[in-house]
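1. below: sequence and its predicted model.
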Amino acid sequence: MADGTWRNWAGNVTVTPVRWERPVSAEGIAQAVTAAAADGLTIRAVGSGHSFTPIAAAPGVALDLSGWAGIVAADTRSGLVTVRSGTQLRELNADLDRLGLALANLGDIDVQTVAGAVSTGTHGTGAGLGGLATQIEGLRLVLADGSAVSCSATERPDLFVAARVGLGALGIITEVTLRCVPAFALAAEEGPEPVEDVIGRFGELAAAHDHFEFYWIPYGRNALVKQNNRVPAGQQARPLSAARRFYEYEVMENAAFGLLCRTGRRAPRIIPRLNQITSAALSRRSYSDRSHRVFTTRRRVRFVESEYAIPAATAPEVLTELRREVPKLADPVMFPVEVRVAAADDIWLSTANGRASAYIAIHQYRGLPYEAYFALFESIVARVGGRPHWGKMHTLDAARLRALYPHFDDFVRIRDEVDPDGRFANPYLDRVLGPPGGSGPAARA
């Protein structure tokens with residue numbers, strides 16, 4: 001924030017709200033919602049700003065929940081943990097570890113708030129595992145009328161199945177109850193493999209490991225393959241030394257890679273050669289550590305991103321076409337392409353709803369042209385029914401999204417029931433869901 005203006009992490013979204021609210025209690029959150037209604041303003045929780053779409057943009061009232069954080073209750077026998085919505089995943093991971101618990105699966109970024117992560121469908125990787133929202137057992141929200149409600153599989157089940165990936169369109173989440181697992185360690189095997197081999201064995205590799213992903217560096221011959229598997233209970237973890245960890249992640253993945261990106265931005269014609277050198281220089285590493293320390297890494301090099309979920313079986317053909325077409329672009333691509341997997345789930349607006357999914361995420365270094373690249377990507381994934389990540393850049397609207405989600409209209413029905421005036425709307429939600437009734441505060445602020 002600067003002079004009251006909110007910017008997301010990538011810097012591609014900015015908004016100056018009418019006002020900011022920073023409640024530190026559930027009652028304060030409810031009061032902020034009712035005050036916004038009295039003033040005819042929309043209200044949005046802004047989270048950590050790690051979405052690349054304007055999903056968190058709050059032109060009316062911006063709700064900063066950073067003061068509403070921490071674990072409310074934890075049962076180490078059942079694994080049920082209730083956490084306040086403004087808690088960052090990084091803080092939650094550390095608190096769970098102290099309790100001898102962990103989340104079963106995580107993405108590689110941990111700066112998001114819990115509410116922001118579940119609301120946008122944040123996921124990790126694992127053919128037998130779902131995204132973060134599949135670990136939710138209950139939610140507590142403040143609705144548009146200021147009332148606080150709870151929902152679960154047995155209490156207001158329609159609201160629950162919608163709100164687990166709710167885009168912030170149904171209310172302000174105040175608490176999330178997660179089903180955690182006993183703390184565990186992961187054995188990580190990371191190293192280069194010929195990209196053609198990885199694509200050809202994609203289904204086999206995804207099925208063979210608890211967590212599988214790879215990065216293809218455009219113009220290069222190699223993929224960086226990451227295979228993480230659970231360490232048997234009682235077996236001692238062997239983490240990287242502090243010096244090795246600093247070198248691998250801070251020096252190489254952040255400082256050195258950032259320097260390469262800045263060089264490429266100054267001289268775009270040499271980007272293909274830079275990427276070929278990077279691909280050839282990939283190294284191997286093997287270690288084991290607490291699960292959240294393996295899942296997550298710090299990202300200091302800023303970029304823009306688009307990600308689509310596609311049927312898992314279509315990943316090889318999509319990747320083959322992307323590799324064929326990227327070298328034809330007028331503007332070269334600096335950043336790697338990330339490929340992950342997830343199990344099917346039953347959440348209405350989850351990108352993995354009803355189908356085992358592969359996730360392909362494309363990136364471009366901030367300041368380099370990306371429009372033609374992202375448009376190419378969208379055209380390729382559209383042919384296999386690709387669903388865009390709600391927090392990552394795409395051009396789809398409600399008409400096109402309705403055809404991709406069997407329960408799209410069910411979600412909109414619940415949204416119109418709990419927020420008929422669009423108290424929690426913004427222009428992005430109006431685009432991807434359609435405006436609630438076409439009038440109300442969403443048209444004003």
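-> In hand now; what should we look at?
2. can you list phi and psi of residue 280 for me?
-> With angles defined as degrees, to the nearest 10, residue 280 sits at phi -70, psi -20.
3. right, and it touches residue 217 too?
-> No - contact between residue 280 and residue 217 fails when scored by Cβ atoms under 8 Å: they sit 9.5 Å apart. C-beta: built from backbone N, CA, C; applies to glycine.
4. can you tell me how far residue 343 sits from residue 135?
-> Shown here: residue 343 relative to residue 135, a distance of 12 Å by Cβ to Cβ, to the nearest Å.
5. more crowded one of these two?
-> A count of neighbours by other Cβ atoms under 10 Å puts residue 135 above the other of residue 343 and residue 135, at 22 against 18.
6. what sits against the nearest residue to that one once chain neighbours are set aside?
-> Take residue 135 and drop its neighbours on the chain: the residue closest to it by Cβ to Cβ, 6 or more residues apart in numbering is residue 178, 5.1 Å away. Residue 178 sits next to 80, 81, 82, 83, 103, 135, 136, 137 when contact means Cβ atoms under 8 Å, 6 or more residues apart in numbering.
7. now stretch 207-215: buried residues?
-> Neighbour-count burial for stretch 207-215, with 16 or more other Cβ atoms under 10 Å as criterion, is recorded at 209, 210, 211, 212, 213, 214, 215.
8. from the chain's centre, how far out does that stretch sit?
-> Centroid displacement of stretch 207-215 relative to its chain, using Cα atoms, centre = their mean, to the nearest Å, is 18 Å.
9. and stretch 141-159, by the same measure?
-> Stretch 141-159 sits 23 Å away from the centroid of its parent chain (Cα atoms, centre = their mean).
10. what number of residues lie near residue 269?
-> Here the number of neighbours of residue 269 (other Cβ under 10 Å) works out to 8.
11. show me what contacts it?
-> Residue 269 is in contact with residue 332, counting by Cβ under 8 Å, 6+ apart.
12. what does residue 418 give?
-> By Cβ under 8 Å, 6+ apart, the residues touching residue 418 are 143, 144, 159, 170, 171.
13. what mean pLDDT does stretch 125-142 have?
-> Mean pLDDT, stretch 125-142: 98.
14. so what sits opposite residue 306 in the bridge?
-> Following DSSP bridges, residue 306 is listed with bridge partners residue 362.
15. and for it, the neighbour number?
-> Neighbour count of residue 306, defined by other Cβ under 10 Å: 24.
16. and residue 416, by the same measure?
-> Quick note: residue 416 (other Cβ under 10 Å) scores 15 neighbours.
17. out of residue 280 and residue 217, which sits in the busier spot?
-> residue 217 (24 against 12).
18. distance check, the more buried one against residue 242.
-> Distance of residue 217 to residue 242, computed by Cβ to Cβ: 28 Å.
19. what's the spacing between residue 34 and residue 175?
-> Counting by Cβ to Cβ, the gap from residue 34 to residue 175 is 19 Å.
20. between those two, which one's more packed in?
-> Using other Cβ under 10 Å, the more surrounded residue of residue 34 and residue 175 is residue 175, with 21 against 16.
21. so that one is in which element?
-> Taking DSSP states H and E as the definition, one finds residue 175 inside strand 172-179.
22. residues in contact with the residue nearest the centre of the chain?
-> By Cα atoms, centre = their mean, the chain has its centre lying nearest to residue 122, at 3.3 Å. Taking Cβ under 8 Å, 6+ apart, we find residue 122 in contact with 107, 112, 116, 131, 132, 133, 391.
23. with those in mind, which one is nearest to residue 88?
-> Closest approach between these and residue 88, by Cβ to Cβ: residue 112, at 6.9 Å.
24. thinking again about what came up before, quick one: which of the contacts of residue 122 is most hemmed in?
-> Highest neighbour count within the contacts of residue 122, by other Cβ under 10 Å: residue 131, with 31 neighbours.
25. ok, now how distant is it from residue 328?
-> Distance, residue 131 to residue 328, by Cβ to Cβ: 33 Å.
26. do the same with residue 44
-> Going from residue 44 to residue 328 by Cβ to Cβ gives 40 Å.
27. my assumption is that residue 373 lies in a strand; please confirm.
-> No - counting by DSSP: H, G, I helix; E, B strand; the rest coil, residue 373 is located in no strand; its state is helix.
28. does it touch residue 364 like I think?
-> Yes - counting by Cβ under 8 Å, residue 373 touches residue 364, with 6.2 Å between them.
29. joint contacts of those two?
-> Common neighbours of residue 373 and residue 364 (Cβ under 8 Å, 6+ apart) are residue 333.
30. the stretch 151-300 of the chain: helices as residue ranges?
-> Assigned by DSSP state H, counting those that start in this stretch, the helices in the stretch 151-300 of the chain fall at 157-163, 195-200, 202-208, 242-245, 257-266, 271-280, 291-295.
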